[in-house]
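> quick one: sequence plus predicted model below, questions after.
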Amino acid sequence: MVVIWWIIVGLIAGWATGKIMRGHGFGPLMDIVVGIIGAIIGGWIMLALGASPHGGIIYTVLVAILGAIVLTLIVRALSGGQARSRG
């Protein structure tokens with residue numbers, strides 16, 4: 001059941017990140033992957049800042065979006081802007 005929750009949060013976060021970062025995302029599967037990895041990164045960032053690791057669905061999705069945005073920025077920086085979303 002936890003894996004399904006990760007996929008749902010990842011899907012929402014990946015889709016939202018694609019929209020926020022001015023694009024259409026990296027495709028459905030990669031959007032989910034970016035969202036899930038983003039949730040991990042976002043959770044780590046929030047813990048490093050001293051935020052509570054507990055929250056509701058909105059908090060969880062917002063943290064995942066934050067992490068996915070950071071991940072997208074890193075991927076774009078490392079690829080010299082070549083990893084821009086498909087249009």
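That came through, no problem. Please read all numbers here as calculations on a predicted model, not as lab measurements.
> leaving out sequence neighbours, find the closest residue to the residue positioned nearest the centre of the chain.
Nearest to the mean C-alpha position of the chain, by C-alpha atoms, centre = their mean, lies A68 at 2.4 Å. In space, and not counting its chain neighbours, A68 is closest to G38: 2.7 Å by C-beta to C-beta, 6 or more residues apart in numbering. Placement of C-beta: from N, CA and C, glycine included.
> distance check, that neighbour against T60.
To T60, G38 is 11 Å away according to C-beta to C-beta, to the nearest Å.
> which of the two has more residues huddled nearby?
G38 (26 against 19; other C-beta atoms under 10 Å).
> these two touch, right, the more buried one and I65?
Yes. In this structure, G38 is within contact of I65 by C-beta atoms under 8 Å, at 6.9 Å.
> shared neighbours of those two, anything?
A13, T17 (C-beta atoms under 8 Å, 6 or more residues apart in numbering).
> for the helix or strand where A16 lies, buried residues please.
A16 is part of helix 2-20 when elements are defined by DSSP states H and E. Of the residues in helix 2-20, V9, G10, L11, I12, A13, G14, W15, A16, T17, G18 count as buried by neighbour count, 16 or more other C-beta atoms under 10 Å.
> also stretch 62-69?
V63, A64, I65, L66, G67, A68, I69.
> next secondary structure element downstream of the worst-scoring helix or strand of the chain on mean pLDDT?
Lowest mean confidence among the helices and strands of the chain (mean pLDDT, DSSP states H and E): helix 2-20, at a mean of 82. Along the chain past helix 2-20, the next helix or strand (assigned with DSSP H and E) turns out to be helix 28-48.
> I'd like the next helix or strand past that following helix.
helix 57-78.
> tell me the mean pLDDT over that following helix?
Average pLDDT, helix 57-78: 86.
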